[in-house]
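[1] Give the three-dimensional model of this entry:
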Amino acid sequence: MLKPSNKNSSSTNAASATNRTTIDSDRRRTLGTLGIFSLMGATGLIGCGGGSSSGSSANSSTTTSTASSSSAATSSTTSSLATSSGSCTVIPTETIGPYPLSTLLNSSLILRENIAEDKTGVPLQVKLKLVNVNNSCTPVPAYVYIWHCDKDGNYSGYNGEAGKTYCRGVQYTDTNGVAHFTTIYPGWYAGRITHIHFQIFLTAYGSNAQSSAISQMAFPADITTAVYNSTLYSAKGQNTSVKTFSADNVFSDGVEYQMTSVTGNVTDGYIAELQVGIKV
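    Below you'll find the model as predicted:
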């Protein structure tokens with residue numbers, strides 16, 4: 001049985017430059033500023049939705065993993081943690097980060113499942129299952145906002161990407177409490193290990209709406225290594241900035257409740273699943 005997390009799990013308000021409340025984390029500060037931009041329509045993702053990632057040179061054998069101890073996924077692998085990703089425990093609260101682009105939440109156009117737009121990369125299906133820790137882990141109906149960088153480590157709306165909205169989207173959970181997204185495997189940028197941000201809204205989403213949870217998804221090291229060895233990610237290659245979770249400024253205190261269960265392969269894409277406990 002997993003030990004209880006020592007992270008702050010209290011509900012918090014979403015942060016934005018437009019009258020949003022700064023998220024208070026026990027371990028780190030929220031950074032960043034928000035830009036004003038126009039929304040862009042989503043376009044199809046090359047290789048997503050079950051297709052193949054062009055030019056991939058990695059082995060295409062199916063892999064299942066949530067552990068970070070194995071080497072690159074060059075053969076079929078099954079982790080002992082694969083069936084226990086997440087927990088009916090309150091998800092640890094994390095910084096909203098420097099790139100939330102929360103003003104995007106003021107438009108209904110962000111309500112979409114495919115968030116890759118024109119970005120290429122290894123296809124990734126994200127499935128976040130929300131459960132109520134106060135009611136025997138029953139499914140929770142809610143809106144989920146996720147955002148992450150592209151394969152080159154860039155975030156839409158920031159640092160030369162103003163006016164762009166790729167790799168961001170909102171979905172409402174289904175009857176099983178699962179929010180589904182189609183995207184690409186995130187790359188990396190200096191100072192952070194691979195991750196995806198998410199924010200949960202019980203009733204309505206918006207730049208000033210109250211959120212019930214803000215946290216981040218972690219990814220198994222062996223899967224990430226395999227992806228970054230593939231042709232599409234070869235220009236940047238492996239993460240030379242942060243190589244372990246213990247060295248990451250967000251995940252250094254543990255990832256047991258944030259480590260995704262990942263299945264699939266580089267050629268056909270991956271499915272990343274995480275159970276997220278919240279108080280309702």
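
[2] Poorly predicted segments of the protein, please.
    1-87 (pLDDT under 70).

[3] could you pull out the helices for it?
    221-228 (DSSP state H).

[4] neighbours around residue 160, how many?
    By the criterion of other CB atoms under 10 Å, residue 160 has 6 neighbours. Any C-beta I mention is one placed from the backbone N, CA and C, and that applies to glycine too.

[5] so how far is residue 255 from it?
    Distance of residue 160 to residue 255, given as CB to CB, to the nearest Å: 31 Å.

[6] Residue 159 now?
    27 Å.

[7] ok, these two, which is more surrounded?
    For residue 159 and residue 255, the more surrounded residue by other CB under 10 Å is residue 255, and the numbers stand at 24 against 13.

[8] The more buried one reaches residue 218, doesn't it?
    Yes. The criterion here is CB atoms under 8 Å, and residue 255 meets it with residue 218 at 4.2 Å.

[9] quick one: common contacting residues for these two?
    residue 245 (CB atoms under 8 Å, 6 or more residues apart in numbering).

[10] Nearest residue to residue 121 in space, please, no chain neighbours.
    residue 184 (3.0 Å; CB to CB, 6 or more residues apart in numbering).

[11] ok, the one you found - how many residues close by?
    Residues near residue 184, counting by other CB under 10 Å: 30.

[12] likewise residue 202?
    18.

[13] quick one, what contacts it?
    140, 141, 142, 143, 212, 280.

[14] What's the PyMOL syntax to select whichever of these are buried?
    Restricted to buried positions by 16 or more other CB atoms under 10 Å, the PyMOL selection for those reads:
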select buried, resi 140+142+143+212
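
[15] Next step: the contacts of residue 202 restricted to strands.
    Per DSSP state E, strands hold the following members of the contacts of residue 202: residue 143.

[16] what's the farthest-apart pair in the contacts of residue 202?
    Spatial extent of the contacts of residue 202 (CB to CB) is set by the pair 143 and 280 at 13.5 Å.

[17] Does residue 89 touch residue 276 like I think?
    No. Judged on CB under 8 Å, residue 89 makes no contact with residue 276 at a distance of 9.8 Å.

[18] neighbour-wise, which of those two wins?
    residue 276 (27 against 19).

[19] re earlier: could I get the contacts of residue 202 as JSON lines with distance to residue 111?
    Output for the contacts of residue 202, formatted as JSON lines (distance: CB to CB, whole Å):
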{"residue": "140", "distance to residue 111": "18"}
{"residue": "141", "distance to residue 111": "15"}
{"residue": "142", "distance to residue 111": "13"}
{"residue": "143", "distance to residue 111": "8"}
{"residue": "212", "distance to residue 111": "18"}
{"residue": "280", "distance to residue 111": "21"}
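
[20] Which of the contacts of residue 202 sits closest to residue 100?
    residue 143 (14.8 Å).

[21] ok, what's across the strand from that closest one?
    residue 172, residue 201 (DSSP bridges).

[22] rewinding a little: any idea how far the residue nearest to residue 121 lies from residue 236?
    Residue 184 is 14 Å from residue 236, by CB to CB.

[23] Pull up the overlap in contacts between these two.
    In contact with both residue 184 and residue 236: residue 151, using CB under 8 Å, 6+ apart.

[24] Residue 212 against residue 198, yeah?
    No. Counting by CB under 8 Å, residue 212 does not reach residue 198; the two are 11.3 Å apart.

[25] what touches both of these two?
    By CB under 8 Å, 6+ apart, no residue touches both residue 212 and residue 198.

[26] Strands along the chain, start to end?
    63-65, 123-132, 138-139, 143-147, 168-172, 178-184, 195-201, 213-218, 261-265, 269-278.

[27] Which other helices and strands does the fourth one contact?
    Spelled out, that is strand 143-147. strand 123-132, strand 168-172, strand 178-184, strand 195-201 (3 or more CB pairs under 8 Å, 6 or more residues apart in numbering; DSSP states H and E).
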